[in-house]
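*Asks:* this is a predicted model, with the sequence first.
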Amino acid sequence: MFSYVLKRAVSAVVVVVLVATLTFLLIQAAPGGLSILMDPNMSSAEVARLKHNLGLDSPIHVQYFNWLRNAVQGDLGASLSYGGRPVAGMIMERVPATLKLGAASLLLTLLIGIPAGIAAGRRPNGLVDQVIGFLSFVALAVPSFWLGIILMILFGAELRWLPTSGMGPKGDLVLGLKHLIMPAVVLASSSAAAVIRYTRSSWLEVARLDYVRTGRSKGLTEGRLGRRHILRNALIPVVTVVGVQLPRLVGGAAVIETLFSWPGLGQLGVDAALRRDTPLILGVTLLVSAAVVASNLLVDVLYPVIDPRIRYS
Amino acid sequence: MSRLNAPYRWIVMFALAALLGAVPAALAQGGSGSIRIALQAMPEGFNPVLPAELNANIVTGAMFAPLAAVNPTTFATEPYLAESWEVSDDLMTWTFHLRENAKWHDGVPITADDVKFTFDKIKDPAESASAYVAATNFASVDVIDEHTVQIVLTAPNALLPDTLSSGGFEPLPKHVYEGFAHLVDAVDANTRNPVGSGAFRMAGVQPGAQIDLVAFDDFFLGQPKVPGLTFKIVRDQNAAVAQIRAGELDYVSIEAVHRQAVAADPRMEIFSVAGTRYVMMAINMSDYEPWHTMFSDVRVRKAMMYAVDRVEIAEHIGQGLMPVLDGLMPTTLTWIPAPDIVPYRYNPELAMQLLDEAGWVDTNGNGIRDKDGMELSFYILVDRGNAVREQITPVLQAAWQAIGMEVEYFATERTGRWLEETRAGTFPTRVSTFPIPNADWAYRLFHSKGLNNSQHYVNPEVDAILDTMLASPDIEVRGQLLKQLQEVLNEDPYVMPFFLEPTLHAIDKRLLNVPHSELQRAMPYTYLISWAQ
């Protein structure tokens, strides 16, 4: 197991470096450049002067290896558009907001997705299954920004129950929770729907197996059978789905954060991309790709815990 | 049974918890608190001298005082941090008298040393100041006494206060920045804790969410009448409308498509602000071929003017918010007399006659006019993302095709081909906007040596008018010269103006004295805004 994790960790580092390299090349290949230099009223000489001052006039490969060398030493450089602020500091100040939103949405995903999936799986094609199925399909089909706007109009503008943007003032827990509800619900809607679908189908699959029939014939109650014998096995594919959602904890959700002015990493990534701020884009990409690789590794490590039959040699 | 219902219990419990947390709250603070203004993006920083985009300029406009400012109602350049100024007869030496009661937000008095320090930094090429090029005309900046600073120029300029009001020349606190080799090194002052001189001072930044400014009680023009300004970052216009209706915003620029939705809110009033920026089509006048061959003949350019129904465009694409613009100076600059011109009106027959006279005729019957083996074939560049400009472009294409031209158009990212061809001077025609907040910009855009003459237009008569204007201290004389300029350019057209770009503002009705101007231009005057009692 240890050697497996070690191998995966090494390959993870390679993947992250490749992602960073590819991102750097894509930024360079795209037309245009740093947004503060894109003023059409700036002459070419003026742009050249500012590029020189910003260190952007050196060859691309030199810029890349400078960045990589510093990144390996833990220095992600300074933002080119945000007044020279250190990228690491900018990312770190956004992490709590993203973790808060990601954790809330993951909690909602699990609290809604697994019970609703089980409920649907217990009585396939019954009324409950059909209602849950319909709602989960709607949740999967509806674009999150549209749902966000609708919730904003309904709960923010019409009912005035919930604030529509930002995180609220620091220290006010109740108001902070109110600010969290709408973005977390929107973010959780599609992932909860996915978990519902996977839980239902997985439950149905396991419930048909011989050992479940044996348990039932030996007089086990449905509740005991479900909790002790079906759920654990049915959760394996669900863990995979949840694992896919995990990077959101770090990577944020760009659309939702932008819509609700939630000051997280997703919004920072969008800003960085729109401003073509290379060090900031690379910093955010590095963190998000590391989170994806780490969550995939975590899911793989969790498999043998959930199902002892799975072993890594 | 109760065990079977466990999943539902979880759902119900969570829903209850959510609803309990969602009891109605006093979300709408309007009526006495800070004015909540929507910004479309998080500002890059809060140093007005360094390059930044519009959102940063809006916030620094409330925090930093320029020596002179453009009055948002009259568009006249008037004293601000400088109480007065005088200029030598040769227009080479300008003396500015600072207000003696002016203080930085940390309580330190603002002196001529601060102005000299800042302007010396701006004209230092090693600094990344946005106004560097404009400051290359500064021979020296000298401190005369604590509150008097003198700028000696390398060439006469009657419009220096206009230049200083255009942004990028706001004095910085020397005591904050002098310890750093370069302005950009003062990261904390530039991005988190700026020390400004304007009516509002920094109270806090929540990156990506909002910026809180509070009234600066010692502001030199008097204590602001509202407790503060809160800039909320709202990238999405639909979200901004929802926030207006939720009572979370008081002052927002909105798009025309949202007018009806916002108008339904009895709290808000909507007004249209005529800016000093107008939508236009420009023809490349450089020597770049084949465009030079096509457009150097004024009859071709006049034909292009006559082929387009600009009145229809203003009525339908501009939604009738602004009348068609005939001169090349914004009508909002009311000190410029109306030009004595015969405006171009839709006349395709005359357009075709002019092309015939210029020798552009369809010799091979393919529907495209040609001359000496060259077809009258070109394209229009437009930057993607602006609905008005993108709608105008195909109308131009159809109008010019109707008189025998072959026209394509390319809607590209502003930071992509549009910008590259604009800078390189390789585009044939482009749809864009001209910003002319003051006379200084007329020089920048139309003079052959103008910083923003992206069309590479050269006309000695125009240069002479603008040179004279730059050396004319009398605003009436300048007005007459700009009238004359428009008359000359009407006879030698290379810019097709459409209409002033309107901005719709939605504002809480209880706010008084809100300048009816673009947000950026309104900021130095926000100290006058108050809540109705």
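*Replies:* Okay, I see it. As the structure is a computational prediction, the values presented were derived from the model and not from experiment.
*Asks:* next one, pLDDT for the residue most central in space within chain B please.
*Replies:* The centroid of chain B falls nearest to B:Pro435 when counting by C-alpha atoms, centre = their mean (5.8 Å). You'll see B:Pro435 listed with a pLDDT of 84.
*Asks:* I'd say it and B:Trp441 touch.
*Replies:* Yes. Applying C-beta atoms under 8 Å, one finds B:Pro435 in contact with B:Trp441, separated by 6.3 Å. Every residue, glycine included, has its C-beta placed from N, CA and C.
*Asks:* any stretches of the stretch 151-300 of chain A with poor pLDDT?
*Replies:* For the stretch 151-300 of chain A, the stretches with pLDDT under 70 are A:248-252.
*Asks:* contacts only, for A:Val238.
*Replies:* A:Gly113, A:Ile114, A:Gly117, A:Val195, A:Tyr198, A:Thr199, A:Ser202 (C-beta atoms under 8 Å, 6 or more residues apart in numbering or on different chains).
*Asks:* what distance do you get for it to A:Leu107?
*Replies:* Distance from A:Val238 to A:Leu107, counting by C-beta to C-beta, to the nearest Å: 15 Å.
*Asks:* one more: B:Tyr306?
*Replies:* As judged by C-beta to C-beta, B:Tyr306 and A:Leu107 stand 67 Å apart.
*Asks:* which one of the two has more residues nearby?
*Replies:* B:Tyr306 (22 against 13; other C-beta atoms under 10 Å in any protein chain shown).
*Asks:* let me know how buried the closest residue in space to B:Trp400 that isn't next to it in sequence is, in neighbour terms.
*Replies:* Once flanking residues are discounted, B:Trp400 sits nearest to B:Val407: 4.8 Å by C-beta to C-beta, 6 or more residues apart in numbering or on different chains. Neighbour count for B:Val407, taken as other C-beta under 10 Å: 22.
*Asks:* now the one helix or strand B:Leu381 maps to, how far from the centre of its chain.
*Replies:* Counting by DSSP states H and E, the element that carries B:Leu381 is strand B:377-383. What separates the centre of strand B:377-383 from the centre of its chain is 23 Å, taken as C-alpha atoms, centre = their mean, to the nearest Å.
*Asks:* ok, stretch A:291-307 next?
*Replies:* On C-alpha atoms, centre = their mean, the centre of stretch A:291-307 falls 16 Å from that of its chain.
*Asks:* can I get the CA coordinates of that stretch in PDB?
*Replies:* The C-alpha trace of stretch A:291-307 is given here as PDB (Å, rounded to 0.1, in the frame of the first residue of the first chain):
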ATOM      1  CA  ALA A 291      -6.200  19.300  -5.300                       C
ATOM      2  CA  VAL A 292      -7.500  17.200  -8.200                       C
ATOM      3  CA  VAL A 293      -4.600  14.800  -8.100                       C
ATOM      4  CA  ALA A 294      -4.700  14.600  -4.300                       C
ATOM      5  CA  SER A 295      -8.500  13.900  -4.200                       C
ATOM      6  CA  ASN A 296      -8.100  11.100  -6.800                       C
ATOM      7  CA  LEU A 297      -5.400   9.600  -4.600                       C
ATOM      8  CA  LEU A 298      -7.600   9.900  -1.500                       C
ATOM      9  CA  VAL A 299     -10.400   8.100  -3.300                       C
ATOM     10  CA  ASP A 300      -8.100   5.300  -4.300                       C
ATOM     11  CA  VAL A 301      -6.800   5.000  -0.800                       C
ATOM     12  CA  LEU A 302     -10.400   4.900   0.500                       C
ATOM     13  CA  TYR A 303     -11.500   2.000  -1.600                       C
ATOM     14  CA  PRO A 304      -9.800  -0.800   0.400                       C
ATOM     15  CA  VAL A 305     -11.200   0.800   3.600                       C
ATOM     16  CA  ILE A 306     -14.700   0.600   2.300                       C
ATOM     17  CA  ASP A 307     -14.300  -2.700   0.700                       C
END
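*Asks:* tell me the buried residues in the helix ranked longest in chain B?
*Replies:* Ranked by residue count and defined by DSSP state H, the top helix of chain B is helix B:475-491. Residues of helix B:475-491 classed as buried by neighbour count (16 or more other C-beta atoms under 10 Å in any protein chain shown): B:Arg478, B:Gly479, B:Gln480, B:Leu481, B:Leu482, B:Lys483, B:Gln484, B:Leu485, B:Gln486, B:Val488, B:Leu489, B:Asn490.
*Asks:* perfect, I'm done here.
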